[in-house]
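# quick one, fold the following:
(2 chains)
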Amino acid sequence: MPEVLKAPLVVEFPFTRSVGPVQSAFLTGLRERVVLGVRTSDGRTLVPPVEYDPVTAEELRDLVEVAPTGTVTTWAWNHAPRRDQPLDTPFAWALVRLDGADTALLHALDAPGPDAVHTGMRVRVRWAGERTGAITDIACFEPYDDSPKDSGPDDGSSAEPAHHTGRFEDPITGIVAAARLDYTYSPGRAQTAYINALAERRNVGERCPSCRKVYVPPRGACPTCGVATLEQVEVGPSGTVTTFCIVNIKAKNLDIEVPYVYAHIALDGADLALHARIGGIPYDQVRMGLRVEPVWTQGSRFPDHYRPTGEPDADYDTYRELL
Amino acid sequence: MNREIAVVAFAQTDHRRTSEELSEVEMLMPVLHEVLAQTGLKTADIGFTCSGSSDYLAGRAFSFTLALDGVGAWPPISESHVEMDGAWALYEAWTKLLTGDADTALVYSYGKSSPGPLRDVLTRQLDPYYVAPLWPDSVALAALQAQALIDAGDTDEPALAAVAARSRTDASANSHAQLRGSVPHGGYVVRPLRTGDCPPIGDGAAAVILAAGERARELCDRPAWIRGIDHRIEAHSLGVRDLTDSPSARLAAERAGAFERPVDTAELHAAFTSQEIVLRKALKLDDGVRVNPSGGALAANPVMAAGLIRIGEAAARVHRGESDRALAHATSGPCLQQNLVAVLEGDPR
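Numbering: from 1, shown residues only, chains lettered A, B, ... in the order given. Next comes the predicted model:
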């Protein structure tokens, strides 16, 4: 069996997400170098804050300001940072309970090595130079030896975090959660054979050993019988338009004049219609039963479009089962 | 309606680092055929079909619809899908059979992790506001839990290594497993977790058939009766949870009846050695319980199928008469966030 085809596949998505009142206050606060938490009815302070109590599901709106200093509750040394992680040099992942908070925040901790990190160690926020209202406004945490020269809310000794209105100038209302994942896509055995044949300007389907139907393009299984289709069958090159639609909207990055016709085409010898664009005929003259053949452009691995063969139209009964 | 429902057949692929020569349906089809052959059922005989998978593994939308080609969905079938491990698809099928709407169900799940960077792919299931933008990968999150266990005195690195060694040794008898026999414990991936503490990344699929009442006895010599099944979830924020414990696993086990009588076997979906420590405690499994005789997820962890495989492996031991009462566990999310527990029993002998 020839090697299966492989190609890079990049999935990128800039999810635009709205935030609720508590998340808005927290993320806007980060932009202003203020860390906010939220109080629960039983007196705990959750940082990062959420809009509903994780235990009681009660609505939470009572914001408080906590310190940018805290204590590591657990950690893990990451000697090989991955793309998009907060630091590109080795760092510790850490859950940090900020002073005044009862829960811990996950972030990176910049330390020289694993020997410099331990549960219970004191750390403080290192702010990002440019802040936009996102969790990454905290660049990371860094070790902090609690020297007494910093008094006030930073010293971790203040008993109760102070109430905060959560109101800021120009609050953020949403975030863009950009993501990118890189795959190596392989279409598997059946579709590799189909695509390789196309490169030789042949259309190859596969026959179901049970119902004898020929599928083009083959996907390796008969969707009716649920069994593997293994017998290769050459089909076409000509076929019959079984149904069609007229496209009036120009697709982005597609250099095709509208209107054009997109059709289902039953290739001769196939029991399933594939779809392709129809060219070489005015769009309003395309019809069911029209006989068509593929048009290959120079160097192309697949037909650019199908055009009329000039044969008489196929009789309806010859393709009615393929509609 | 109070119906007895059993797992009557189980099949799985050989789990491998890559199955790139096969499409998802090509990988899945043989296990579908195998469970049908075990029972003598045809697709048309199945009352309900439910599957579990995730589009993020393949990087394509609605990938499960193509996998349906392997089922043979004509004439039309009653079908559903969960974007979760197949264990949750089994839960849905079990519920369907409880209603009396169907007597048999086909449950399958599959995962091809090989096309993408799995550690990064799994970050996309995290809280999108506070956590996902930092891209903490699946090993990093498990490592935070492992360190919390070490700090609490619940385990240490040698104990974790022993879990790994026992699992891979047990997997020697499992021809489907990806990692078998002696496996070097290796260097740190994310400290304190070493290579040996982490599951292999691989592709695989699994399928089971459920049947109700007398139908189960017709289809299987010794059905694995589902005495109880339940699933629970904890707060999504890691910093809110006590990572050394799994209250959701414990509650699910309690509701599934796991604590009513001792079990002899436990198939735990503990992808990391440290997670077995947490689960043994939460599920009150003492040394008398045979844990993961298949080798568990440390020997083969096809994402979205590994949980269903735990139920299948537990059921298969009941079928073979090697277990009379087994616990099966599946998990999803970081650090055992969601947990499903099923209790399976064979008829008295």
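# so where do the strands sit in the stretch 201-349 of chain B?
B:203-212, B:224-233, B:265-267, B:290-291, B:325-332, B:338-345 (DSSP state E, counting those that start in this stretch).
# the fourth one - contacts with which helices or strands?
Using 3 or more Cβ pairs under 8 Å, 6 or more residues apart in numbering or on different chains; DSSP states H and E as the contact criterion, the secondary-structure elements in contact with strand B:290-291 are strand B:265-267. Placement of C-beta: from N, CA and C, glycine included.
# coming back round to it: how about the strands of the stretch 201-349 of chain B in JSON lines, adding mean neighbour count and distance to A:P86?
Putting the strands of the stretch 201-349 of chain B into JSON lines (neighbours: other Cβ atoms under 10 Å in any protein chain shown; distance: least, Cβ to Cβ, whole Å) gives the following:
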{"stretch": "strand B:203-212", "mean neighbour count": "29", "distance to A:P86": "31"}
{"stretch": "strand B:224-233", "mean neighbour count": "21", "distance to A:P86": "27"}
{"stretch": "strand B:265-267", "mean neighbour count": "27", "distance to A:P86": "37"}
{"stretch": "strand B:290-291", "mean neighbour count": "19", "distance to A:P86": "37"}
{"stretch": "strand B:325-332", "mean neighbour count": "28", "distance to A:P86": "26"}
{"stretch": "strand B:338-345", "mean neighbour count": "27", "distance to A:P86": "26"}
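# could those go into TSV alongside mean pLDDT?
Below are the strands of the stretch 201-349 of chain B laid out as TSV (pLDDT from 0 to 100):
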stretch	mean pLDDT
strand B:203-212	98
strand B:224-233	98
strand B:265-267	98
strand B:290-291	98
strand B:325-332	98
strand B:338-345	98
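# CSV please, covering these and showing distance to A:F15.
Output for the strands of the stretch 201-349 of chain B, formatted as CSV (distance: least, Cβ to Cβ, whole Å):
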stretch, distance to A:F15
strand B:203-212, 27
strand B:224-233, 23
strand B:265-267, 36
strand B:290-291, 40
strand B:325-332, 21
strand B:338-345, 22
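# now stretch B:27-43: average pLDDT?
Mean pLDDT, computed over stretch B:27-43, is 96.
# can you give me the buried ones in that stretch?
Under the neighbour-count criterion of 16 or more other Cβ atoms under 10 Å in any protein chain shown, stretch B:27-43 has B:27-33, B:35-36, B:38-39, B:41, B:43 buried.
# touching chain A at all, that stretch?
Yes: for stretch B:27-43, a contact with chain A is found by Cβ under 8 Å from any Cβ of the partner chain, at B:M29, B:L32, B:H33, B:T43.
# off-centre distance for that stretch?
19 Å (Cα atoms, centre = their mean, to the nearest Å).
# identify the residue of the stretch 201-323 of chain A closest to chain B, quick one.
Among the residues of the stretch 201-323 of chain A, A:G226 lies closest to chain B, at 2.6 Å counting by Cβ to the nearest Cβ.
# that residue touches B:V71, doesn't it?
Yes: using Cβ atoms under 8 Å, A:G226 is in contact with B:V71, at 5.1 Å.
# list the residues that contact both of the two?
Shared contacts of A:G226 and B:V71, defined by Cβ atoms under 8 Å, 6 or more residues apart in numbering or on different chains, are found at B:L32, B:T43.
# run a quick neighbour tally on A:Y215.
25 (other Cβ atoms under 10 Å in any protein chain shown).
# okay, the nearest residue to B:A270 once chain neighbours are set aside: pLDDT?
Distances taken as Cβ to Cβ, 6 or more residues apart in numbering or on different chains place B:E276 nearest to B:A270, at 3.9 Å, with adjacent residues excluded. Per-residue pLDDT puts B:E276 at 98.
# show me the helices in chain A, by range?
Taking DSSP state H to define them, one finds helices in chain A at A:21-31, A:188-199.
# format the ones you listed as JSON lines; extra columns: distance to chain B, mean neighbour count and mean pLDDT.
As requested, the helices of chain A are exported to JSON lines (distance: least, Cβ to the nearest Cβ, whole Å; neighbours: other Cβ atoms under 10 Å in any protein chain shown; pLDDT from 0 to 100):
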{"stretch": "helix A:21-31", "distance to chain B": "6", "mean neighbour count": "22", "mean pLDDT": "97"}
{"stretch": "helix A:188-199", "distance to chain B": "3", "mean neighbour count": "19", "mean pLDDT": "92"}
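# reformat the buried residues of stretch B:27-43 as TSV; add secondary structure and distance to A:R301.
Shown next, in TSV, are the buried residues of stretch B:27-43 (DSSP: H, G, I helix; E, B strand; the rest coil; distance: Cβ to Cβ, whole Å):
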residue	secondary structure	distance to A:R301
B:M27	helix	25
B:L28	helix	28
B:M29	helix	28
B:P30	helix	30
B:V31	helix	33
B:L32	helix	32
B:H33	helix	33
B:V35	helix	39
B:L36	helix	38
B:Q38	helix	43
B:T39	helix	44
B:L41	coil	42
B:T43	helix	36
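# now B:I5: phi and psi?
phi -130, psi 140 (degrees, to the nearest 10).
# and it, how far is that from A:Q232?
Distance of B:I5 to A:Q232, given as Cβ to Cβ, to the nearest Å: 43 Å.
# and what of B:L36?
Distance from B:L36 to A:Q232, by Cβ to Cβ: 26 Å.
# cool, A:V295 as well?
Distance from A:V295 to A:Q232, by Cβ to Cβ: 24 Å.
# quick check: residues of the stretch 151-300 of chain B near chain A?
B:D151, B:Y188, B:V190, B:R191, B:P192, B:L193, B:A235, B:S237, B:L238, B:G239, B:V240, B:L243.
# may I ask which two of these are separated the most?
Largest separation among these by Cβ to Cβ: B:Y188 and B:A235, giving 28.6 Å.
# so which of the two has more stuff around it?
Using other Cβ under 10 Å as the criterion, B:Y188 and B:A235 rank with B:Y188 on top: 19 against 16.
# thought that one was touching A:W77?
Yes: B:Y188 is within contact range of A:W77, at 7.0 Å (criterion: Cβ under 8 Å).
# closest to A:T173 out of the residues of the stretch 151-300 of chain B next to chain A?
Nearest to A:T173 among these: B:S237, at 22.0 Å, using Cβ to Cβ.
# per-residue confidence, the closest one, what does it come out as?
The model's pLDDT for B:S237 equals 92.
# next one: phi and psi at it?
Dihedral angles for B:S237 - degrees, to the nearest 10 - are phi -80, psi 120.
# which outside residues touch the helix or strand of chain B with the lowest mean pLDDT?
Least confident helix or strand of chain B, by mean pLDDT, DSSP states H and E, is helix B:63-67 with a mean of 87. Helix B:63-67 has contacts (Cβ under 8 Å, 6+ apart) with A:R219, B:S23, B:E24, B:V25, B:L28, B:S51, B:S53, B:D55, B:H81, B:Y110.
# in space, what's closest to the most centrally placed residue in chain B - neighbours in sequence excluded?
Central residue of chain B (Cα atoms, centre = their mean): B:G307, 0.7 Å from the mean position. Counting by Cβ to Cβ, 6+ apart, B:G307 lies nearest to B:A330, which is 2.7 Å off, once chain neighbours are set aside.
# for B:L336, same thing?
Distance criterion Cβ to Cβ, 6+ apart; nearest residue to B:L336, sequence neighbours excluded, is B:S246 at 5.0 Å.
# good, wrapping up.
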